[in-house]
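**Student:** Below are the sequence and a predicted model; questions follow.
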There are 2 protein chains.
Amino acid sequence: MAVTHVRGAAPGGRPAPAPSGVVRPPGRPRDTRCDTAIIQATLTELATSGFGGLSMEAVAAAAGVGKGTVYRRWPTKGALVADALATLAEPYEPHDTGSLRDDLVAALNSVRRHSIQTLSGRIMPRLLAEKETHPELFETYRQQVIVPSRERVASVLRRGVAEGELLADLDIDLVTDMLVGPVSYRQYTSGSHEVSGTRIGQIVDTVLGGIRLC
Amino acid sequence: MAVTHVRGAAPGGRPAPAPSGVVRPPGRPRDTRCDTAIIQATLTELATSGFGGLSMEAVAAAAGVGKGTVYRRWPTKGALVADALATLAEPYEPHDTGSLRDDLVAALNSVRRHSIQTLSGRIMPRLLAEKETHPELFETYRQQVIVPSRERVASVLRRGVAEGELLADLDIDLVTDMLVGPVSYRQYTSGSHEVSGTRIGQIVDTVLGGIRLC
């Protein structure tokens, strides 16, 4: 009976986090496939309708569960969306090939994979549009997605400074903007979204031309 | 009688364009204050609710006119929004102080004025979020706002090439991304939106460091 409503669980999806504010009773652990299906449905609804347009009913229907199942786990829409956004954080694999240029290119390629054509990338403008009414949701997204993606680039730059390849007083935050900015900006505002690998190499080379010690 | 419903016309607003597909009858020209109020109300509704959430009724109420007045001028929501977006284009003042650096800084400062805190900047993420369902609206926005703002920067770069100050085979499109991208990206994704004049100078100096002929 407990598993008959577990339908539509996303295969290969990341495990859903423990729902906010819910104390787990002792005994048999809950089937997490149900949570995963709800979280996936929430992210899809968020990308399609934004926070304002998202309803717990639509999430339940898309996840193939009853509305009560969603409410028992997440008492409010805000708690559900916050937990769904927390699953967008991606595992961090530091690049260290020994070449500053190659490591920056690799870090920017990970930024490039996150575009308006991915679920996470489609959610971004939705949350941005609703930033005035729900600043906490964009802030959660920023902490889960934007900050870690910048950190991948910044850590390579800091290593370049430590190894004497870049100016000692380099403004890491500024240079991170100068690398990530042109990629993200183009993906969102150009007609085609396409940022080629060649273009990423050119961006890195131009910035390095301005900050590298000769 | 014809003017009694002209209320809420935005003082100092740009003149509204001639409505799409409406043939003007001969005789006394129509009072354009009414159109201006409708166009301003449309832009505000678009920034607040997006295209999907925008209703002709809400626009009419905000402009202080009857619904019929809006429909007589713009038979569809699409035509109204397209004309409203067309008013976002800003007059272009080329910069030519004789200093490549100062002209780039001035062009980037005009990009900086367009942020998420302006009406036009608030409309951007709304249209981006609805790009899949209404690609033509984002494309209109791109042509009216993004393309001219890039062109301000690109024209300064082309002059730098023509005058032998920059590499002859400079990729103007790429370098434009590298100047506009970090400003736009930071305004939309950072916590504070603030891009200082100092930061704009640093961006220009770093890019010039990578592309200037010594």
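**Tutor:** Done, it's in.
**Student:** Residues of chain A that sit close to chain B?
**Tutor:** Contacts of chain A with chain B, taken as CB under 8 Å from any CB of the partner chain, map to A:50, A:52-53, A:116, A:122, A:125-126, A:128-129, A:131-132, A:139, A:142, A:146, A:171, A:174-175, A:177-178, A:180-186, A:188-189, A:191, A:199, A:202-203, A:205-211. Just so you know, the C-beta spots here come from the backbone N, C-alpha and C atoms, and that holds for glycine as well.
**Student:** Among those, name the ones in helices.
**Tutor:** A:50, A:52-53, A:122, A:125-126, A:128-129, A:139, A:174-175, A:177-178, A:180-186, A:188-189, A:199, A:202-203, A:205-211 (DSSP state H).
**Student:** ChimeraX command for the buried members of these?
**Tutor:** Listed next is the ChimeraX selection for buried residues among those, using 16 or more other CB atoms under 10 Å in any protein chain shown:
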select /A:50,122,125,126,128,129,174,175,177,178,180,181,182,183,184,185,186,188,189,199,202,203,206,207,208,210,211
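**Student:** can you count the residues close to A:G98?
**Tutor:** Counted with other CB atoms under 10 Å in any protein chain shown, residues neighbouring A:G98 total 7.
**Student:** Can you report phi and psi for it?
**Tutor:** phi 100, psi -20 (degrees, to the nearest 10).
**Student:** what does the model give the residue nearest in space to the middle of chain A for pLDDT?
**Tutor:** When CA atoms, centre = their mean is applied to chain A, the residue found nearest the centroid is A:V145 (3.4 Å). Looking at A:V145, its pLDDT stands at 91.
**Student:** Just give the nearest non-adjacent residue to it, would you?
**Tutor:** Setting aside the residues directly before and after it, A:V145 is nearest to A:L88 in space (CB to CB, 6 or more residues apart in numbering or on different chains), at 5.2 Å.
**Student:** got the domain boundaries for chain A?
**Tutor:** By the assignment in automatic domain parsing, chain A contains the domains A:1-87, A:100-211.
**Student:** Tell me where the model's unsure across chain A.
**Tutor:** Scanning chain A with the threshold set as pLDDT under 70 gives A:1-31, A:116, A:191-193, A:214.
**Student:** need the strands for it, in chain order.
**Tutor:** Using DSSP state E, chain A contains no strands.
**Student:** Isn't A:L213 up against A:L170?
**Tutor:** No - with contact defined as CB atoms under 8 Å, A:L213 and A:L170 do not form a contacting pair (10.0 Å).
**Student:** mind checking how far A:G197 is from chain B?
**Tutor:** From A:G197 across to chain B, the span is 14 Å (CB to the nearest CB, to the nearest Å).
**Student:** Report how many residues lie close to the closest residue to that residue other than its chain neighbours.
**Tutor:** Closest residue in space to A:G197, ignoring its immediate chain neighbours: A:N109 at 7.1 Å, by CB to CB, 6+ apart. Neighbours of A:N109 under the rule other CB under 10 Å: 16.
**Student:** Against B:Y188, how distant is A:N109?
**Tutor:** Remark: distance between A:N109 and B:Y188 (CB to CB, to the nearest Å) = 22 Å.
**Student:** now swap in A:K67 and tell me
**Tutor:** For A:K67 relative to B:Y188 (CB to CB), the value is 35 Å.
**Student:** cool, A:P91 as well?
**Tutor:** In terms of CB to CB, A:P91 sits 26 Å off from B:Y188.
**Student:** next one: A:G53
**Tutor:** Distance of A:G53 to B:Y188, given as CB to CB: 21 Å.
**Student:** Likewise for A:H114?
**Tutor:** A:H114 is 14 Å from B:Y188, by CB to CB.
**Student:** swap in A:S49?
**Tutor:** Applying CB to CB to A:S49 and B:Y188 gives a distance of 21 Å.
**Student:** repeat for A:C34
**Tutor:** For A:C34, the distance to B:Y188 equals 35 Å [CB to CB].
**Student:** what's the closest non-adjacent residue to A:P182?
**Tutor:** B:G181 (3.5 Å).
**Student:** hang on, the earlier thing: pretty sure the residue nearest to A:V145 is touching A:R142, no?
**Tutor:** No - under the criterion of CB under 8 Å, A:L88 is not in contact with A:R142, lying 10.9 Å apart.
**Student:** Tell me how many other residues surround the residue nearest to A:V145.
**Tutor:** A:L88 - counted by other CB under 10 Å - has 19 other residues nearby.
**Student:** what's near enough to touch it?
**Tutor:** When contacts are counted by CB atoms under 8 Å, 6 or more residues apart in numbering or on different chains, A:L88 touches A:L43, A:S120, A:I123, A:Y141, A:Q144, A:V145.
**Student:** at 10 Å instead, please
**Tutor:** A:14, A:43, A:114, A:118-120, A:123-124, A:140-141, A:144-145, A:148 (CB atoms under 10 Å, 6 or more residues apart in numbering or on different chains).
**Student:** any idea which of those is closest to chain B?
**Tutor:** A:M124 (8.2 Å; CB to the nearest CB).
**Student:** For A:V207, see how far away the closest one is.
**Tutor:** Taken as CB to CB, the span from A:M124 to A:V207 is 24 Å.
**Student:** Please apply the same query to A:L167.
**Tutor:** 12 Å.
**Student:** for A:L108, same thing?
**Tutor:** Taking CB to CB as the measure, A:L108 falls 10 Å from A:V207.
**Student:** what's the answer for A:G201, then?
**Tutor:** 11 Å.
**Student:** what do you get for A:Q187?
**Tutor:** Per CB to CB, A:Q187 is found 18 Å from A:V207.
**Student:** Kindly report the same for A:P94.
**Tutor:** 20 Å.
**Student:** Then A:P75?
**Tutor:** 47 Å.
**Student:** now do A:E90
**Tutor:** For A:E90, the distance to A:V207 - CB to CB - is 24 Å.
**Student:** Ok, A:T69 next?
**Tutor:** Using CB to CB, A:T69 is found at 50 Å from A:V207.
**Student:** Please apply the same query to A:G50.
**Tutor:** Distance from A:G50 to A:V207, by CB to CB: 35 Å.
**Student:** ok, how many other residues are close to A:H95?
**Tutor:** A:H95: 18 surrounding residues under other CB under 10 Å.
**Student:** Now do the shared contacts for A:L167 and A:V207.
**Tutor:** Common contact partners of A:L167 and A:V207 (CB under 10 Å, 6+ apart): A:V175.
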